[in-house]
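[1] quick one: sequence plus predicted model below, questions after.
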Amino acid sequence: MKQVYRVMLGAALMAPSVLAAQERQTQHDAFTLSERVPAGQWIRVRNLNGEIRVRAATGDKVEVSATKSWRRGDPKDVRIESRKSSDGSILVCALWTDNATCTENSYSSHDDDRRSHWDRDNRNDVAVAFEVRVPKGVKVGVWSVNGSVNVDGVTGEVRASTVNGSVEAISAGGPVQASTVNGSVRATMGRLDSDEDLEFSSVNGSVVAEFTGDIDANVDLSTVNGRFQTDWPVTITGRIDPRRLRATLGKGGRRIKLSTVNGNVELRKR
């Protein structure tokens, strides 16, 4: 693999740190996909290292493109696969190890010697960034581990999560489920067509959920180091707890849970 170094022309001696500085290299269109997905079915993308960004499509097809970037790693070590199910849903996975597995419900990346790819080969720093375009009515499921997840301009159900990074998920429809561990969560939805329970969570970061109009729900808000805020008048059930708020919105109904440890919890009206 060609290595690119920053050098100072005309210098008689170059410091080792200058010689060792490597620019991050990029491979655009490392993967592309263009497929029709029926309204009401899913486009799912699972990633391990890198961000996922979803926007509205201009046509009637789901469009997926991936960009690989790296300093020391080899982009050939990371493969990207896709498959289409009988109902027309599509699953796209970025895989870092030979025996990694990826399904609609799970992702596993491991080596035969039970050491992570990065422990075994510290040079593998390949990241994959996904760009997804979605037509109206197609449901979106996007998951990463190290990287932010951002969804906007969609009209159907959204499930979005990561471990290290922020999550923002906006749908003109809904419902939306969103979570992370290290980062903030912001979820916005235009309508709720079902009584499905909703959950939004983080550990280190604020959690904000926004709804259009009045809603009927039983809400459960919890934080250890932060504050609560709601744009609706609520009826509190049980004793007052500075770390947890259980309340009823409107007539009650579905359960809406917002939780974090370090950060604020906010239930907003659009």
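    That came through, no problem.

[2] buried residues in stretch 176-183, which are they?
    Neighbour-count burial for stretch 176-183 flags V176, Q177, A178, S179, T180, V181, G183 (criterion: 16 or more other C-beta atoms under 10 Å). (Each C-beta comes from the backbone N, C-alpha and C, glycine too.)

[3] what's it in contact with?
    Contacts with stretch 176-183, where a contact means C-beta atoms under 8 Å, 6 or more residues apart in numbering, come from 148-149, 157-170, 185-189, 198-205.

[4] again, only using 7 Å
    Contact partners of stretch 176-183, identified using C-beta atoms under 7 Å, 6 or more residues apart in numbering, comprise 158-167, 169, 185, 187, 189, 198-205.

[5] quick one on the thing from earlier: quick check: the two most widely separated of the buried residues of stretch 176-183?
    Greatest spatial distance among the buried residues of stretch 176-183 (C-beta to C-beta): V176 and V181, at 18.3 Å.

[6] low-confidence stretches in this protein?
    By pLDDT under 70, the low-scoring segments of the chain are 1-22, 110-123, 237-238.

[7] helices of that one, residue ranges please.
    16-20, 117-120 (DSSP state H).

[8] ok so, going back, narrow the buried residues of stretch 176-183 to those in strands?
    In this view, the buried residues of stretch 176-183 that belong to strands under DSSP state E are V176, Q177, A178, S179.

[9] what ranges do the strands span in the stretch 1-150 of the chain?
    Ranges of strands in the stretch 1-150 of the chain, per DSSP state E, counting those that start in this stretch, are 25-35, 42-46, 52-56, 62-70, 79-84, 90-95, 101-102, 107-108, 127-134, 139-143, 149-154.

[10] re the thing from before, out of the ones in strands among the buried residues of stretch 176-183, which is nearest to D193?
    Closest approach between these and D193, by C-beta to C-beta: V176, at 12.2 Å.

[11] ok, now how distant is the closest one from V140?
    V176 sits 9 Å away from V140 when distances are taken as C-beta to C-beta, to the nearest Å.

[12] no further questions, thank you.
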